[in-house]
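**Q** Take a look and give me a structure for this.
(one chain, ligands or ions: 1)
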Amino acid sequence: MIRRLVALLTVVSLSGCAIWGTEGGPSGAGAAKPTATAEASSVPVTASRGADGVQRIEITIGDDLRLRPDTVRATTGTIEITFRNSGVTPHDISVDTVPAVDGGNVNGGDTRTVTVTVTQPGTYPMPCAYHVTSGMQGTLEIVDPS
Ligand SMILES: [Cu+2]
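**A** Now for the predicted structure:
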């Protein structure tokens with residue numbers, strides 16, 4: 001049983017290496033955005049802080065029912081999250097801070113920007129109301145500024 005699990009993990013990690021295909025990875029000329037599995041895409045991406053102190057990040061939401069990136073890291077304060085729907089399937093992402101902020105329906109090709117102010121470090125889910133049961137959920141990781 002354990003041997004079987006190890007074999008499965010090996011296959012997953014090997015397939016993770018193959019996501020760049022023949023385009024040469026993120027620095028390759030004309031390389032498309034990686035279409036990694038949800039497991040392989042959970043590398044946190046840090047929101048970038050503007051001169052106004054607001055942290056901003058854009059998340060692509062598509063027909064594969066995933067958020068890219070699916071994990072956003074920021075510090076306490078104000079965070080602007082722009083959801084860009086790259087597909088045709090509508091989505092409705094909320095940011096479950098306290099209080100939660102619902103982005104509302106975002107049709108294919110549309111964008112929606114949600115602004116949240118978070119004072120408590122923690123991990124806050126970002127589920128899609130339509131597709132959370134299919135695993136469409138991101139994570140906002142808030143840490144103390146240091
Ligand atoms: Cu959705």
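**Q** quick check, Thr133 in a strand?
**A** No: read with DSSP: H, G, I helix; E, B strand; the rest coil, Thr133 is helix and lies in no strand.
**Q** List the buried residues for the host helix or strand of Ile79?
**A** Following DSSP states H and E, one finds Ile79 within strand 77-85. Within strand 77-85, the residues scored as buried using 16 or more other C-beta atoms under 10 Å are 77-81, 83-85. Backbone N, C-alpha and C define where each C-beta goes, glycine included.
**Q** if you average pLDDT over stretch 121-131, what comes out?
**A** Confidence for stretch 121-131, expressed as mean pLDDT, is 98.
**Q** any idea how far the nearest residue to Arg56 once chain neighbours are set aside lies from the ion?
**A** Nearest residue to Arg56, sequence neighbours excluded (C-beta to C-beta, 6 or more residues apart in numbering): Glu80, at 4.7 Å. Using C-beta to the ion, to the nearest Å, one gets 20 Å for the distance from Glu80 to the ion.
**Q** now swap in Thr113 and tell me
**A** 17 Å.
**Q** Determine the set of other helices and strands touching the helix or strand where Thr113 lies.
**A** Element membership of Thr113 [criterion: DSSP H and E] is strand 111-118. If contacts are counted by 3 or more C-beta pairs under 8 Å, 6 or more residues apart in numbering; DSSP states H and E, strand 111-118 sits against strand 77-85, strand 101-102, strand 137-143.
**Q** Apply 10 Å and report the result again.
**A** strand 55-61, strand 71-75, strand 77-85, strand 94-95, strand 101-102, strand 122-127, strand 137-143 (3 or more C-beta pairs under 10 Å, 6 or more residues apart in numbering; DSSP states H and E).
**Q** chain center to that strand, what's the gap?
**A** 14 Å (C-alpha atoms, centre = their mean, to the nearest Å).
**Q** Touching that strand from outside, list them.
**A** With contacts defined as C-beta atoms under 10 Å, 6 or more residues apart in numbering, strand 111-118 is touched by 54-56, 58-61, 74-86, 91-106, 124, 126, 140, 142.
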